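Undergrad: This is the structure alone, sequence omitted:
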């Protein structure tokens, strides 16, 4: 309980995970275009090569 209320937990469906993966790819592609390949994505964020 949090503040007298029962906390709700949600889980991601397979369809939702696929949508999230697709959007992450599109966002990464857009950011790469905008930054003109001057930065690369890593697990910890964006860095200059």
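TA: Done, it's in. None of the values given here were measured: they were computed from a predicted structure. Numbering: from 1, shown residues only.
Undergrad: What's the end-to-end length of stretch 30-43?
TA: The straight-line separation of the ends of stretch 30-43 (Cα to Cα, to the nearest Å) is 17 Å.
Undergrad: what about residue 33, distance to residue 21?
TA: 19 Å (Cβ to Cβ, to the nearest Å). Yep, even glycine has a C-beta here, placed from its N, CA and C like the rest.
Undergrad: which residue ranges form the strands in the chain?
TA: Taking DSSP state E as the test, the strands found in the chain are 40-42, 45-47.
Undergrad: So which residues make contact with stretch 3-22?
TA: If you take Cβ atoms under 8 Å, 6 or more residues apart in numbering as the criterion, stretch 3-22 is touched by residue 1.
Undergrad: I'd like the average pLDDT over that stretch.
TA: Averaged across stretch 3-22, the pLDDT comes to 93.
Undergrad: Which parts of it count as buried, going by neighbours?
TA: Going by neighbour count (16 or more other Cβ atoms under 10 Å), nothing in stretch 3-22 comes out as buried.
Undergrad: From the chain's centroid, how far away is that stretch?
TA: Between the centre of stretch 3-22 and the centre of its host chain there is 14 Å, according to Cα atoms, centre = their mean, to the nearest Å.
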